[in-house]
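*Asks:* No letters, just coordinates:
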DNA sequence: GCATATGGTTTTATGATGCAACCACACAAG
DNA sequence: CTTGTGTGGTTGCATCATAAAACCATATGC
């Protein structure tokens, strides 16, 4: 976490996302936010983390456009932290992390909750990766390609 | 990263996975490993990280069962670090991170690569979450349920 | 005005990080 | 068998983020 090495300018999208949410608390804050938590105290209470760290994380998440501060909601003059669309877009990452734990954790019996389809109450499937035409893809069916040049002629 | 707060015993699977791969370098190491890197020097070279940190991360990943040390491969008496099935299971997490960057990054033009279907060379679809019966699920279509008690009678 | 709850910031100790230097071993040459 | 080089690390040490607790500010109730 010494942030000496910033991945801000890195060309790898994974590094770039880690730059924003690659620390321990951020994802947990987002998890709680997805569950509806909004207030500083709610986060602090639920996560049991130091308030200064929470404060710093919230600020960073706001700077990264993952959370936004809303002026109020219940009348009190305090702030609220609500997820932006970018923040809600983190949901699949959390699902992937969850499923990885569920599948590979050494003590799966300690995991308290399962993610289920609300309608049927049955566990959701593993995340699936599909091609444009719908074929199911395994990691080996994929590869990385250089990104096509951004469509502006003035560059070269 | 100060690991004061360990999530080792936490009941949340997200926290549990962060415990194993929730630091900056681990996921990047795994990314490279998925690309075929195996040797200490290869990782060090590619990622440009301090060797002691790399050493510590590799050791931690081995302890977590994500990497395994293989005695040799090209004849030299040195070690190699290869992904276990648990390690390869991290692929969807990386894909989720990548897609999040691709969709929401403020400067997407800086992202150098895209993940494509090897057969057609076309970008893969966004990861999909589906119910057991195949229905496509949005976050709102899901919920958390307490895990059913582990099937052993002797407990209570 | 005084107490209390909420929402933070400041202070301070700790310890992980990152860099560089050092060490150990393998392998090759002389 | 000694020297040299490359690989694969470990060992200091300075620095900076973290975490815990104390402190501060504003709002609300009495």
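*Replies:* Nice, thanks for sending it over. What you are looking at is a predicted structure, and each value in this text was computed from that prediction instead of being measured.
*Asks:* okay, now the domains of chain A?
*Replies:* A:13-86, A:91-130 (automatic domain parsing).
*Asks:* Quickly, which of those domains bottoms out on average pLDDT?
*Replies:* Lowest mean pLDDT within the domains of chain A: domain A:13-86, a mean of 86.
*Asks:* Over to residue A:95. Which of the three states is it?
*Replies:* Of the three states, residue A:95 takes helix according to DSSP: H, G, I helix; E, B strand; the rest coil.
*Asks:* How much space separates it from DNA strand D?
*Replies:* 24 Å (C-beta to the nearest atom of the strand, to the nearest Å). From N, CA and C alone the C-beta is placed, and that goes for glycine too.
*Asks:* Count the residues that sit near that residue.
*Replies:* The number of residues packed near residue A:95 is 23, by other C-beta atoms under 10 Å in any protein chain shown.
*Asks:* Pretty sure it sits against residue B:137.
*Replies:* No. Taking C-beta atoms under 8 Å as the definition, residue A:95 is not a contact partner of residue B:137, at 9.6 Å.
*Asks:* Which neighbours do the two have in common?
*Replies:* A:124, B:129 (C-beta atoms under 8 Å, 6 or more residues apart in numbering or on different chains).
*Asks:* Would you mark the buried spots in stretch A:53-65?
*Replies:* Along stretch A:53-65, these residues count as buried under the neighbour rule (16 or more other C-beta atoms under 10 Å in any protein chain shown): A:53-54, A:57-58, A:60-62, A:64.
*Asks:* and the closest residue in space to residue A:34 that isn't next to it in sequence, how many neighbours?
*Replies:* Nearest non-adjacent residue to residue A:34, counting by C-beta to C-beta, 6 or more residues apart in numbering or on different chains: residue A:91, 6.2 Å away. A total of 20 residues lie near residue A:91 under the criterion other C-beta under 10 Å.
*Asks:* Roughly how far does residue A:91 sit from residue B:33?
*Replies:* 26 Å (C-beta to C-beta, to the nearest Å).
*Asks:* Disregarding residues adjacent in the polypeptide, which is nearest to the most centrally placed residue in chain A?
*Replies:* In chain A, the centroid-proximal residue (C-alpha atoms, centre = their mean) is residue A:90; its distance is 3.3 Å. Excluding its sequence neighbours, the residue lying closest to residue A:90 (C-beta to C-beta, 6+ apart) is residue A:30, at 5.2 Å.
*Asks:* Can you say which helix or strand has that neighbour in it?
*Replies:* helix A:24-34 (DSSP states H and E).
*Asks:* do that helix and DNA strand D meet at all?
*Replies:* Yes. Contact of helix A:24-34 with DNA strand D (C-beta under 7 Å from any atom of the strand) involves A:24-25.
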